[in-house]
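Peer 1: Could you work out the structure for the sequence below:
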Amino acid sequence: MTPPYWRICYVDGGDAPDIIANGLDGYIVRTEDEKVVRKIPKISGRVLEDGQREYTHPADDHREDIEYEKRVYERLAGLEGITEVVGIDQNGISMVYYPDGDLEKYILGHGPEGPILPASMDYRRRLAAMVTNAVAKCHDRGVLWFDVALRNVLLDGESIRLCDFANSMMVEPGVEIAEFDEAGYTLRVELLHLADLVYSIMTWTKFTDECYEESEWPDTWPKSEIEELNNIMRKAWKKEYNCAREILLDLDEPVPGSTPSSS
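Peer 2: This next block holds a predicted model:
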């Protein structure tokens, strides 16, 4: 490549490998190990004709977001259902690569308009239970996920992995997660979004409420032909759930290989 040209850079100034995903708060790049990817801040540099480089550090490079996300992953270390982190350094977060992709793309590719028929109801219920169980374990560690979305659920064979914790919220030790309130975002809002995620999985469609604080609470909840799902959505909307495990109980689906989490 003839200078001048742009390169994505690591924090230490080295050239980053190819980007495989461009997230809101960082790039996902390949590593020398094909089974590992790395999340890095959005830093780039222009290589000049003399070989020198002009670095750009835009205000929105999300370096602080990724530093925060490192601490979140450290708190969640060892939990099943969470993206496995294999290394943390100044350049970013090294994670296991899950080639099966995310649940949003999977649903789009396995639906009425996709090339493959939708998943069975038994499989959907199992997925919903695994996601709900993983979220419950995050809450046990004092972490509100915040970015509760199909795109942030990765498929790992017969299991799932939650990812993208850059915008999540860590509850300080000694504070009850049920009492936590960050600019209107509370456990009740998170449980509403978790119910939306369960609804999306069970109906095999993408649905979400644009509600990021309790003052934006939706006027109603979506209905379906699935009685147990209507019950979950109604209870989440009426703020009757106190924790994610109550949603899991209403799903009435055992989680394969689940073990109790340690806080």
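
Peer 1: so Gly87 sits in a strand?
Peer 2: Yes: under DSSP: H, G, I helix; E, B strand; the rest coil, Gly87 falls within a strand.

Peer 1: separation between it and Gly174?
Peer 2: Note on Gly87: its distance to Gly174, by C-beta to C-beta, to the nearest Å, is 31 Å. For the C-beta atoms, the positions are set from N, CA and C on the backbone; glycine is no exception.

Peer 1: which of those two has more neighbours?
Peer 2: Using other C-beta atoms under 10 Å, the more surrounded residue of Gly87 and Gly174 is Gly87, with 12 against 6.

Peer 1: Just the pLDDT for the more buried one.
Peer 2: Confidence at Gly87, expressed as pLDDT, is 95.

Peer 1: which ones are touching the closest residue to it other than its chain neighbours?
Peer 2: What sits nearest to Gly87 in space, not counting adjacent residues and going by C-beta to C-beta, 6 or more residues apart in numbering, is Ser94, at 3.8 Å. Contacts for Ser94 (C-beta atoms under 8 Å, 6 or more residues apart in numbering) come out as 31, 36-38, 85-88.

Peer 1: Can you select the buried ones among these for me in ChimeraX?
Peer 2: The following ChimeraX line selects those of the contacts of Ser94 that are buried, judged by 16 or more other C-beta atoms under 10 Å:
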select :31,37,38,85,88
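
Peer 1: In the stretch 1-150 of the chain, where is pLDDT below threshold?
Peer 2: Applying pLDDT under 70 to the stretch 1-150 of the chain picks out residues 1-6, 51, 53, 55-61, 112-115.

Peer 1: Tell me how many other residues surround the nearest residue to Leu192 once chain neighbours are set aside.
Peer 2: Once flanking residues are discounted, Leu192 sits nearest to Ala236: 5.0 Å by C-beta to C-beta, 6+ apart. Ala236 has 24 neighbouring residues, counting by other C-beta under 10 Å.

Peer 1: sorry, back to before: closest one of the contacts of Ser94 to Glu225?
Peer 2: Nearest to Glu225 among these, counting by C-beta to C-beta, is Val37 at 39.2 Å.

Peer 1: dump the residue contacts of the closest residue in space to that closest one that isn't next to it in sequence.
Peer 2: Nearest residue to Val37, sequence neighbours excluded (C-beta to C-beta, 6+ apart): Tyr97, at 4.6 Å. Shown in contact with Tyr97 (C-beta under 8 Å, 6+ apart): 34-37.

Peer 1: ok, now Leu103?
Peer 2: 127, 150-151, 153-155, 160, 201.

Peer 1: re the thing from before, turn the contacts of Ser94 into CSV, columns for distance to Lys137.
Peer 2: Converted to CSV, the contacts of Ser94 look like this (distance: C-beta to C-beta, whole Å):
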residue, distance to Lys137
Thr31, 27
Val36, 23
Val37, 23
Arg38, 24
Val85, 15
Val86, 19
Gly87, 22
Ile88, 20
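
Peer 1: burial count for Ala195?
Peer 2: Per other C-beta under 10 Å, the neighbour tally for Ala195 reads 27.

Peer 1: any idea of the pLDDT on it?
Peer 2: The per-residue pLDDT reported for Ala195 equals 98.

Peer 1: ok so, going back, mind telling me what element the residue nearest to Leu192 is part of?
Peer 2: In the assignment (DSSP states H and E), Ala236 maps to helix 227-237.

Peer 1: C-terminal to that helix, what's the next element?
Peer 2: Next along the chain after helix 227-237, taking DSSP H and E as the criterion, comes helix 244-251.

Peer 1: what separates the residue nearest to Ile177 when sequence neighbours are not counted from Asp102, distance-wise?
Peer 2: Spatial nearest neighbour of Ile177, chain neighbours left out: Val171 (5.0 Å); criterion: C-beta to C-beta, 6+ apart. Applying C-beta to C-beta, the value for Val171 to Asp102 is 26 Å.

Peer 1: where do the helices sit along the stretch 101-250 of the chain?
Peer 2: With helices called from DSSP state H, counting those that start in this stretch, the stretch 101-250 of the chain shows them at 103-109, 121-140, 187-203, 227-237, 244-251.
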